[in-house]
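In: Fold the following, please.
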Amino acid sequence: MKKRLLPRLHVALLSSILTASGLSLPGQDFSVLRINEVMTDNETTDPADSTGLRHDMVEIYNSGDVDLTLGAPTFAQRIALSDTETQPVLGIWTFPAGMTISAKGFLTVFCEADPEICDPHATFGLAKDGSEPITLWGRAGSDGKRQVIDQVFLPPLDADVSFGRFPDGAGPAPMPVSSTFDHFKFYPEGQSTFGTCQGTCANFDRVCRGGANGPGGNIAPTVSRIDHTTNSPAAGVAVDIVGRVKDDKIPTPPGAIPSGSIARVTLKFRVNGGAEEEIPMVFDEAAGVMTDPLQPLDRFTQWNATIPGQPAGALVEFSLHVEDSEGLVGGDPDPEDLCPEGVGPCNQVGLPGPNCSLVPPEGPRYVPCNVRFRYMSGYEIPARLAGLVINEVIANQTSVLQDLSDSMFDDIVELFNASDAAVDLSGLWMSDKAFHPQGYRFPAQSMIGPREHLVVWADGDGGLCPRPNNKLPLDGQDCPDPTDPAKGEYHLDFALERNGDEVYIFEEIPAADGIPARQGVIHGTEFGPQALNKAWSLTPDGSRSGSFSEAVPTPGAVNLGSSVRFKRGDSDGSCTVNITDGVFILDYLFQGGPEPTCMDAADTDDTGSVEITDPVYLLNHLFLGGPAPPPPGIDAVGSDDTADSLADCVAACT
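Out: Predicted coordinates:
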């Protein structure tokens, strides 16, 4: 409550001081102000700030015929900026006192949480993924509320690409999402007009004035693989690939409804390193032009292609390509970053190794480059690996299990060996990409014991540290690599995305009979957004034919599945039911005792709530021959199939 009242009291106090001091400002028409140009990822574009650094930028344009004072003497009377759709309760940034903008003039604001020294720095950075707007706010009223002068939602923007009105100040304010592309253009690197800065910090008069926007330019289209039918097809089985295409204009082919800018999209593939073939990708007319609700200007379309089935053991490599109507191209992987033939993938740091090159004179550091997507057709899992599965994935945790090597609650991938013999993991690969199998490779002497649940940390710490004759860590990564097979300690060289990702384990098949080395999928899973401190678990535990679902996390132990298992009436979590459970519930209900670890178990009569009837029901059964508690009962471990509002158990019996 105090947080809500504080801004109003603050504004009211300052307004009283302003009035008492005779400092009230003359009326000015701020409705003529426009958000004119925005850059959300500035790597090389001028101007730099007073310290020589480059930041996100917003350009304001005064479309009126009168100079305006943006920075009044008081907070309440200053014009403000935010990266929010609604007025933030705290932390809104206002133009510094004395800041003006001339008639038909431009003013550039740096967006970075830097202290305001002499040139204006808004106290927020800008999201480059198109997930938030820029809002220009008027003066605060007596209630602290400000009216929107202008608001512009942004599309995703690449480095040094800006988004601006043409002509300057064009269109309504605030700008409706549906009309944005009618009045805003993209400005490729070198075409932005944020102007130059004049004045010095010594005199506290440094200000950056933008310039008039041009008609905009063409941005290269992009294509990315977003879906597939399988990354481990049986011999002769085709693989369907779905690509997502984006462009600065409507990403549809000419003649489509709506007609767009994409000239063609293709899939190129080759088999066993042979000649490359090209397949046209087909525009998905039924899906049409789509947007993400959280990124309303992120327009994209889907395109489909099918790679023909291949013989068993074949290595299939492929890439996606797009060209727009003006001849600009894009690809996935980016054709400009493809590794030379016989080189890569090179995503490690260390001593020289196979298929990687060194960068002199920096010493033993590999060249990073991309390889084509690839998969093996007709791979059959050998008997020695048949029991090896990815059993559990935790990608969003704060308290489940701590990685003692760095004291962090890192992502977890649990491997399970369902066989009665130890499995040698040495040389197997793990990856978070379905068609890029060479992510992390288990070192020599890596093992998983019979029936073992092995925790593997997906923390990005594995394989990133330079080896012995280069002692310096890379980019602040831990050194040395905490992986230690002798202790059963493994750390992958990638982390997982909590909003959805995939993870696979692969076997490498050596090159033979003219076929390059390739990797077969032993097991894997894909998952969507993960709830905090939940797991993506395979049930039945370790079953290759089982299914994954969200469940109580059990890293290093048997999976419980999506339904929590308990004994009905076991309120104290001892996994036995007796008189102490009845006393425990009474203590919780009437004496302020601890809460039951599993409320479903404490709900002895299965009514969906824990109350006095539960200990009465339990004690009546135990001592007076009353009815038995509902399933799973007091003797068997099971789950609650009755839908109710009780929270999932955080502790359970096995």
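
In: so where's the stretch 451-600 of the chain uncertain?
Out: 464-480, 561-564 (pLDDT under 70).

In: Equivalent analysis for the stretch 151-300 of the chain, please.
Out: 203-204.

In: Which stretches in it count as helices?
Out: Taking DSSP state H, counting those that start in this stretch to define them, one finds helices in the stretch 151-300 of the chain at 180-183.

In: pLDDT below threshold where in the stretch 1-150 of the chain?
Out: Scanning the stretch 1-150 of the chain for pLDDT under 70 picks out 1-26, 114-117.

In: where do the strands sit along it?
Out: 33-39, 56-62, 68-69, 80-82, 93-94, 100-101, 106-111, 121-122, 133-140, 146-153 (DSSP state E, counting those that start in this stretch).

In: And the stretch 401-550 of the chain, by the same measure?
Out: 411-417, 423-424, 429-431, 440-441, 447-448, 453-458, 501-509, 518-527, 535-539, 547-551.

In: can you tell me which of the strands of the stretch 1-150 of the chain comes nearest to C339?
Out: Closest approach to C339 among the strands of the stretch 1-150 of the chain (Cβ to Cβ): strand 33-39, 31.8 Å. Just so you know, the C-beta spots here come from the backbone N, C-alpha and C atoms, and that holds for glycine as well.

In: List the pairing partners of that closest one within its sheet, with orientation.
Out: Under the criterion DSSP bridges, strand 33-39 sits next to strand 56-62 (antiparallel), strand 162-165 (antiparallel) in its sheet.

In: quick revisit: with distance to A234 and mean neighbour count as extra columns, can I get the strands of the stretch 1-150 of the chain in a markdown table?
Out: Shown next, in a markdown table, are these (distance: least, Cβ to Cβ, whole Å; neighbours: other Cβ atoms under 10 Å):
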| stretch | distance to A234 | mean neighbour count |
| --- | --- | --- |
| strand 33-39 | 49 | 26 |
| strand 56-62 | 50 | 25 |
| strand 68-69 | 70 | 20 |
| strand 80-82 | 55 | 22 |
| strand 93-94 | 59 | 22 |
| strand 100-101 | 67 | 18 |
| strand 106-111 | 53 | 24 |
| strand 121-122 | 56 | 23 |
| strand 133-140 | 49 | 23 |
| strand 146-153 | 46 | 20 |
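
In: Those into JSON lines, with extra columns for distance to F318?
Out: Below are the strands of the stretch 1-150 of the chain laid out as JSON lines (distance: least, Cβ to Cβ, whole Å):
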{"stretch": "strand 33-39", "distance to F318": "35"}
{"stretch": "strand 56-62", "distance to F318": "36"}
{"stretch": "strand 68-69", "distance to F318": "56"}
{"stretch": "strand 80-82", "distance to F318": "44"}
{"stretch": "strand 93-94", "distance to F318": "47"}
{"stretch": "strand 100-101", "distance to F318": "53"}
{"stretch": "strand 106-111", "distance to F318": "40"}
{"stretch": "strand 121-122", "distance to F318": "44"}
{"stretch": "strand 133-140", "distance to F318": "38"}
{"stretch": "strand 146-153", "distance to F318": "35"}
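
In: quick one, strands of the stretch 201-350 of the chain?
Out: 207-209, 222-228, 239-246, 262-271, 277-280, 282-283, 290-292, 295-307, 315-324, 329-332.

In: Which strands border the fifth one, and is each parallel or antiparallel?
Out: This points to strand 277-280. The pairing partners recorded for strand 277-280 under DSSP bridges are strand 262-271 (antiparallel).

In: Please apply the same query to the last one.
Out: Applying DSSP bridges, strand 329-332 is found paired with strand 315-324 (antiparallel).

In: for the record, mean pLDDT for the strand it pairs with?
Out: Across strand 315-324, pLDDT averages out at 97.

In: ok now that strand, how far from the chain's centre?
Out: In this view, strand 315-324 has its centroid 24 Å away from the chain centroid, taken as Cα atoms, centre = their mean, to the nearest Å.

In: Just want the angle from it to strand 518-527.
Out: On the basis of axes from the mean of the first three to the mean of the last three Cα atoms, to 10 degrees, strand 315-324 is oriented at 60 degrees to strand 518-527.

In: Can you check what angle separates strand 315-324 from strand 295-307?
Out: Using the same axes, to 10 degrees: strand 315-324 against strand 295-307 is 130 degrees.

In: picking up where we left off before, please identify the deepest-packed of the strands of the stretch 201-350 of the chain.
Out: The highest mean neighbour count among those, using mean count of other Cβ atoms under 10 Å, belongs to strand 315-324: a mean of 22.
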